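Chemist: Fold the following for me, if possible:
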Amino acid sequence: MIEAALIGVLAGVFAGLLGIGGGALFVPALTLFAGLGQVDAEATSLLAIVPVAIVGTWRQRGYGNVRDRDAVALGVLASAGAVAGVVLANAVPERALELLFAALIVYVAWQLARGALAASDAPTGDTPGP
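Modeler: Okay, the predicted model is just below:
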């Protein structure tokens, strides 16, 4: 239990520093360090989103940043997507899920690298003009 909490905290910190979703780090950490299978790790990662989304929505609603109709639609569609994902995850071999998740992580890494390179090539406006 403490191991999973530590994995969650570390994954959250690094995901926040990198600007990516925590699941990109949380799922591999759960499979490598907590001994969970791919399906269990992905399910745990998705379940961890629920309290974060509830607290985030509650806080942002206080600031007037939540459109209730859109929030309900998003919640209903996300729930339907989660159910469909469970059905799909149970129908696909675990090795295929591992490879698909690895492909997703490679894509996320590519996007991060591409964004970092584009940011480093962009003019900063700090150079004096002619």
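
Chemist: And the helices in this structure, which stretches?
Modeler: Under the criterion DSSP state H, the chain contains helices at 2-18, 23-33, 38-62, 68-91, 94-121.

Chemist: Scan the helices and strands of this structure for the one with the lowest mean pLDDT.
Modeler: Lowest on mean pLDDT, DSSP states H and E among the helices and strands of the chain sits helix 2-18, with a mean of 82.

Chemist: Tell me the buried residues in it?
Modeler: Across helix 2-18, burial judged by 16 or more other C-beta atoms under 10 Å covers Ala4, Ile7, Gly8, Ala11, Ala15. Where C-beta positions appear, they are placed from N, C-alpha and C, glycine not excepted.

Chemist: rewinding a little: would you mind finding the most buried of the helices of the chain?
Modeler: Most buried of the helices of the chain by mean neighbour count (mean count of other C-beta atoms under 10 Å) is helix 23-33; its value is a mean of 20.

Chemist: in this structure, which segments are predicted with low confidence?
Modeler: Counting by pLDDT under 70, the chain contains low-confidence ranges at 124-130.

Chemist: Quick check, central residue of it?
Modeler: By C-alpha atoms, centre = their mean, the mean C-alpha position of the chain lies nearest to Gly21, the distance being 2.8 Å.

Chemist: which phi and psi does it have?
Modeler: Gly21 adopts backbone torsions of phi -70, psi 140, taken as degrees, to the nearest 10.

Chemist: That one reaches Gly12, doesn't it?
Modeler: No: Gly21 lies out of contact with Gly12 (C-beta atoms under 8 Å); the separation is 10.2 Å.

Chemist: circling back to that earlier point, helices and strands around the least confident helix or strand of the chain, which ones?
Modeler: helix 23-33 (3 or more C-beta pairs under 8 Å, 6 or more residues apart in numbering; DSSP states H and E).
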